[in-house]
Structure formats: C-alpha cells, structure tokens
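Participant: sequence? don't have it. structure:
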C-alpha cells in the first residue's frame, strides 16, 4: 500500500468542491463514471457535470451517490457539507442516552461470551470495552502500554506486549495487517494509515510454512501460564447504523480453537468469580 499517496489524497480532499470528493471516492472504489451513474440511476453526463462543478447535486443525490460508493457515514457528512448541506448523521458518545439500547446490547454480547474473551473497539482499534476474560491475558504487560486509549493492534505488535507471547506471530500479525490495509483502502482515514505504517515498522519474523489443512481459520496462539492457548476470532458490527459512533464500532470475539483452551478458559473464569 502506498500510504503516502493515500495520505496525500486525503489531505487534498478536505477543502475542495463536492465534485472533487465524489471523484476521489469513485476512483478509490475503482468505478468509472458510467459504472457509478448506472448504479445511482442518473446519466453519466450529469455525473460528469457534478464532478467538474458544472452542476450542483441535490442533497438526495449526494446521499444516493455516497451510498452506492459505500462511503463511511463520517465521510458522508463531509460530502454533504462540501455540497452546502447540513450533516445528516449524528455522532454521539456511547454514553449518550440515545445509545442506551446499543450500549446494553454491547454489554450483553460481551458478558454472554464468557468464559471466552471479547472486546469492543472503535474505528482506530482503540479499546472501548471488554469482558472480564481479556484482562488475565494482558497480565504482565507494562502499564505504560495500557494507558488510555489502549490500542489493541499496538498491543498485538509491540515487543513489550503480546508479540513475544504470540506463538504464530508472523501469521497472526500478517492477518491483522492485511485487515488494516483493507480498512485504509476503504476509508482513507489518515490515523489508520499512520497506524498501518507504524505497525509495519515493528520487527516481525518471516512467515513459516503454509497453514495446515486442518485449520479453518488463522488461529491466534498465545503463551499463557506455561501453556499455549489457541483461538479463532469473529467480528460483529451493527447492521444498520445511522449514528457514526455505532457505524465505527466492532466487537471482536474469540473462541477456543481446541478443547484444552476451552477447559483452561473455564478454569480462569472460575477463579475470577
């Protein structure tokens, strides 16, 4: 990934006309004007006029084009403002009363996932919440790495955090980097691009032999208490958010990949009662 080029594109997109924003998002999605016009059910000629500033789009058209381009809600507000309209999508803190039901759903999922670890992260992979099974896995990590905000990816890569404990470090962190790369491409978020470049600078061993055919997913293998715990992970997001905070929240849930890990987690949970 050419992070410098992505950052430059993002910086240029801030003060420009709505047409420039739309063109950059269209090119980022590798769509032609004809492709996007067909998806949005408008003429390619009109789209060309909007991109060059010869025509002003309506509020509905801006939202329709943004939806077809899969623009994140945060950036849809940017498009609206650039076109002279008020933002459409609120951004409330998770503690806001309007998000009470969503916050309760997050707490319910995290609690119900015990004795397996689960956590919630924001768009920059900063820890928002976690169930009680996460803390034991972070025992021994220096306190200066656990200051707020705790960045989950930095913990995974840092040589004083989880990196020395991760048995399959190259494979696991390679998976995380690929996932972060896709997020950078999808959002052009400068902070994510910086995080990606920072993580790439950490020393990382070469990948070993290909995964065994017995594996159904890349496992996360962690040394803990003289044993190796093995997990596979899933990601949950809110399906139809219209609030920016909820749209950028993800729940990362970990499941035991073998019976020994499952039993060990049950023992750890019993000690936490």
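Facilitator: Looks like it came in fine. Everything numeric here is computed off the predicted structure, so don't read it as measured data.
Participant: what ranges does the stretch 51-200 of the chain have for its helices?
Facilitator: Counting by DSSP state H, counting those that start in this stretch, the stretch 51-200 of the chain has helices at residues 59-68, 73-82, 100-112, 134-137, 152-157, 169-187, 190-200.
Participant: what residue ranges in the stretch 1-150 of the chain score low on pLDDT?
Facilitator: By pLDDT under 70, the low-scoring segments of the stretch 1-150 of the chain are 1-15.
Participant: mind redoing it with 50?
Facilitator: Counting by pLDDT under 50, the low-confidence segments of the stretch 1-150 of the chain come to 1, 3-5, 7-13, 15.
Participant: residues in contact with residue 47?
Facilitator: Contacts for residue 47 (Cβ atoms under 8 Å, 6 or more residues apart in numbering) come out as 22, 33, 36, 37, 40, 65. Any C-beta I mention is one placed from the backbone N, CA and C, and that applies to glycine too.
Participant: so for residue 128, which of the helices of the stretch 51-200 of the chain sits nearest?
Facilitator: helix 100-112 (8.0 Å; Cβ to Cβ).
Participant: ok, and what's touching that closest one?
Facilitator: Helix 100-112 is contacted by residues 94-95, 118-120, 128-131, 236, 238, 243, 246, 249, 251, 253 when judged by Cβ under 8 Å, 6+ apart.
Participant: now with 7 Å?
Facilitator: Here helix 100-112 makes contact (Cβ atoms under 7 Å, 6 or more residues apart in numbering) with 94, 118, 120, 129, 130, 131, 236, 238, 246, 251.
Participant: now for those, which pair is the farthest apart?
Facilitator: Using Cβ to Cβ, these span at most 19.3 Å, a distance reached by 131 and 246.
Participant: which positions in stretch 156-176 come out as buried?
Facilitator: By neighbour count on 16 or more other Cβ atoms under 10 Å, the buried set for stretch 156-176 is 156-158, 161-163, 165-166, 168-169, 171-173, 175-176.
Participant: touching that stretch from outside, list them.
Facilitator: 141-142, 145, 153, 155, 199, 202-208, 218-223, 228.
Participant: and the gap between the residue at minimal distance from the centre of the chain and residue 251?
Facilitator: Nearest to the mean C-alpha position of the chain, by Cα atoms, centre = their mean, lies residue 123 at 4.9 Å. Relative to residue 251, residue 123 is positioned 13 Å away (Cβ to Cβ, to the nearest Å).
Participant: again, but for residue 178
Facilitator: 20 Å.
Participant: these two: which is more packed in?
Facilitator: For residue 178 and residue 251, the more surrounded residue by other Cβ atoms under 10 Å is residue 251, and the numbers stand at 20 against 10.
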